[in-house]
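In: Okay, sequence plus prediction incoming.
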Amino acid sequence: MNNPLAARIRPSELSDVVGQKHLLQKGRPLYNMIENGNIPNLIFYGPSGVGKTTVASIIAQKTKRALRRLNGTNASTQDIKDIVAQLDTFEAPNGILLYLDEIQYFNKRQQQSLLEYIENGKITLIASTTENPYFYIYPAILSRSTVFEFKAVEWSEIVPAVERGFRFLSEESGMQLIVGDGVAEKIARGCGGDVRKALNSVENCFYAAEVKDGKKNITLETAEELTQKSAVKYDREGDEHYDILSAYQKSMRGSDVNAALHYLARLLEAGDLPSACRRLMVCAAEDVGLAYPQIIPIVKAAVDAALMVGMPEAKIPLADAVILVASAPKSNSGVMAIDAAMDDIQKGNYGPIPRNLQNKHFDGEDAEVKGQFYLYPHDYENNWTEQQYLPDIIKNAKYYVAGSNKNEQAFKTYWDKIKGENK
């Protein structure tokens, strides 16, 4: 069985790598390192299918080092020992370039086993990860490595790779291809910045295309049917999950309706309806809050409707609610107030509940003044009277500061007047 198309047409020169111009343009640090042949230990961080393995292969060619590959999902410490055993032999006369994919799956002991050899330079490590290396990679490895971030490739940069893939398959098979208008763009747009996924779609279209008069005709309909859905890079346990959720809530908080809808669409396209609903509810309470308190039951109703009908119709009430939250006036006075109160509790700033607020407990013999002395506010004008509610130790604490919005200022004006009249 042939290797995948992406492997068969893997670039051998930096100039042929799709995307990553911020790393591989002439004069950039990584470009210069590779061209000069002086390669330190490297960590390539970024999503799948964006050139990390390809660049590692080019480095191995240029440094004339033996390339060995391991994958953190299935490699063992013994695999590392087997590679180390090849050092200073005819198999690796110039040292070994170890490409360790998915290093985040290596445990601390496995990563530590590499330290001695990457320090003395006998093994040059190029580790790749789709997760933030500063969270998942052992600090001793990080301190001996240089991190470069690879980014998802823009669809417009993938189109030439798709066209090249079709040309390669035509030449390889000896069969003429007729590629319909819009096919390359459809595949490039649908791969979510993953060149490997785009080339897989090219290969699928090639093998699925109908042959007429000795020619393969690849139509837009075929491309639409076979291009993998999931233009969205998304892993519910990975950084991208939290990045999208963060951008989603921050866009609503920042009152950018279009951005909020964009990130909602990414969540829904990835099938993550629960997270879209949860963050929407949180944002309604946290970021709109008391500026428009009616928004909470409204958003709750929209979320309930979305969960009841499911996708694809769920997008409709959720879009309405996202637009409402993003467009509404904002106030974080509620969350700031509860955070301040909880901070006091965590610091131990609390004391006995004032006697007038207790549940009519029996006064012990040691009580200097017996009786509860609770003042029922509804017995007084304007349904309010002054009395102490906080424990003595924090009786003057102020947690809530009214927001500048019309709603909270109206309440503040009302209570300033009432409480001022009763003092």
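Out: Okay, I see it. Numbering: from 1, shown residues only.
In: Any idea how far apart the tips of stretch 42-49 sit?
Out: Its start and end residues considered, stretch 42-49 measures 18 Å (Cα to Cα, to the nearest Å).
In: should've said stretch 163-183
Out: 9 Å.
In: likewise stretch 388-406?
Out: One end of stretch 388-406 to the other measures 29 Å (Cα to Cα).
In: hmm, who's touching that stretch?
Out: Stretch 388-406 is contacted from outside by 289-292, 329-334, 336-338, 340-341, 344, 349-354, 356-357, 408-409, 411-412, using Cβ atoms under 8 Å, 6 or more residues apart in numbering. For glycine as for every other residue, the C-beta is placed from the backbone atoms N, C-alpha and C.
In: What residues are bridge-paired with the closest residue to E91 other than its chain neighbours?
Out: Distances taken as Cβ to Cβ, 6 or more residues apart in numbering put A66 closest to E91, at 6.3 Å, once the chain neighbours are dropped. Assessed by DSSP bridges, A66 has beta-bridge partners I96.
In: how about the strands of the protein, start to end?
Out: Counting by DSSP state E, residue ranges of the strands within the chain are 42-45, 66-71, 96-101, 123-129, 146-149, 176-179, 210-212, 215-218.
In: so can I have CSV of the ones you listed showing mean neighbour count?
Out: Below are those laid out as CSV (neighbours: other Cβ atoms under 10 Å):
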stretch, mean neighbour count
strand 42-45, 24
strand 66-71, 18
strand 96-101, 23
strand 123-129, 24
strand 146-149, 16
strand 176-179, 16
strand 210-212, 9
strand 215-218, 18
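In: For my notes, please list those strands in CSV and give mean pLDDT and distance to E35 for each entry.
Out: CSV is the format used below for the strands of the chain (pLDDT from 0 to 100; distance: least, Cβ to Cβ, whole Å):
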stretch, mean pLDDT, distance to E35
strand 42-45, 91, 15
strand 66-71, 85, 18
strand 96-101, 86, 16
strand 123-129, 88, 16
strand 146-149, 90, 15
strand 176-179, 89, 35
strand 210-212, 83, 45
strand 215-218, 88, 38
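In: for those, which one sits closest to G190?
Out: strand 215-218 (14.5 Å; Cβ to Cβ).
In: Strand partners (parallel or antiparallel) of the closest one?
Out: Going by DSSP bridges, the partners of strand 215-218 are strand 176-179 (parallel), strand 210-212 (antiparallel).
In: Low-confidence ranges, the chain, go.
Out: Applying pLDDT under 70 to the chain flags the ranges 1, 92-94, 228-240, 360-372, 421-423.
In: quick one on the thing from earlier: the strands paired with strand 215-218 into CSV, with extra columns for distance to N382?
Out: Formatted as CSV, those follow (distance: least, Cβ to Cβ, whole Å):
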stretch, distance to N382
strand 176-179, 78
strand 210-212, 82
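In: So which of these is nearest Y117?
Out: Nearest to Y117 among those is strand 176-179; the distance by Cβ to Cβ comes to 47.7 Å.
In: distance between the closest one and the chain's centre?
Out: 39 Å (Cα atoms, centre = their mean, to the nearest Å).
In: circling back to that earlier point, in a markdown table: the strands of the chain, plus distance to N383.
Out: Formatted as a markdown table, the strands of the chain follow (distance: least, Cβ to Cβ, whole Å):
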| stretch | distance to N383 |
| --- | --- |
| strand 42-45 | 60 |
| strand 66-71 | 69 |
| strand 96-101 | 68 |
| strand 123-129 | 61 |
| strand 146-149 | 60 |
| strand 176-179 | 77 |
| strand 210-212 | 80 |
| strand 215-218 | 76 |
